[in-house]
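1. Would you be able to build a 3D model of this:
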Amino acid sequence: MKKTGDEENRRKNRVKKTGEKIELRNNEAAAAIRGIPLLASFSSRSAWEENVWRTLIAKFTILREPKKLSTALELLITAKERSLLLRRAAAIDRILAGTSYRKIGEELWLTHQTISGIKKALNEKKYRSYYERGKTERKKRIYSPGPQSSRNGRGFSGRRVRTKYGTFTIPQ
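-> Below is the predicted model of the structure:
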């Protein structure tokens with residue numbers, strides 16, 4: 001039986017498994033991702049991540065064709081991550097166009113916190129999530145101690161009773 005060209009290409013692109021090593025044939029996208037250094041050769045994970053990020057950016061600039069770049073990105077990110085990335089990019093476009101937070105949120109289904117974070121990222125040149133911002137920027141809430149009695153400064157005297165309507169102090 002004679003194989004068609006399409007079947008031949010599929011056969012060449014199949015994964016050939018040899019022992020523990022997996023080898024991808026004729027896949028330029030996978031070749032662009034190859035060469036990532038080992039984590040053990042760096043002093044910290046953050047240093048490794050920074051190095052890998054620079055390496056990937058350099059290798060992605062080599063992939064000049066959109067189809068190759070698209071294939072490489074499909075290997076690395078999920079559909080959900082792709083959706084988040086595209087919505088953030090669209091939000092940047094809408095913010096630069098002067099669209100209100102409400103309209104951006106309705107169109108792209110983003111919270112005001114995310115839109116605010118993206119706007120701050122434009123100023124800082126780096127995106128940080130609401131969770132990451134909370135570690136440094138937001139202050140811890142300070143709650144008031146409650147009402148004070150003018151008599152002795154200890155608070156209202158009486159018995160506290162918890163009900164389904166809240167906590168009440170019953171005078172003695």
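2. List the contacts of the residue sitting nearest the centre point of the chain.
-> By Cα atoms, centre = their mean, the chain has its centre lying nearest to S129, at 6.9 Å. Going by Cβ atoms under 8 Å, 6 or more residues apart in numbering, S129 touches G117. Heads up, the C-betas are built off the backbone N, CA and C, glycines and all.
3. And it, its phi and psi?
-> Main-chain dihedrals, S129, degrees, to the nearest 10: phi -70, psi 170.
4. what's the distance between it and I115?
-> Distance, S129 to I115, by Cβ to Cβ, to the nearest Å: 13 Å.
5. ditto for D93
-> In terms of Cβ to Cβ, D93 sits 12 Å off from I115.
6. more neighbours, those two?
-> Of the pair D93 and I115, I115 is the one with more neighbours under other Cβ atoms under 10 Å, namely 22 against 11.
7. before we move on, which element is that one in?
-> helix 112-124 (DSSP states H and E).
8. So which bits of whichever strand or helix holds W53 are buried?
-> Element membership for W53 (DSSP H and E) is helix 45-62. Across helix 45-62, burial judged by 16 or more other Cβ atoms under 10 Å covers 48, 56, 59.
9. Which residue, other than its chain neighbours, is closest to the first one?
-> The shortest distance from W48 to any non-neighbouring residue, by Cβ to Cβ, 6 or more residues apart in numbering, is to F42 (4.1 Å).
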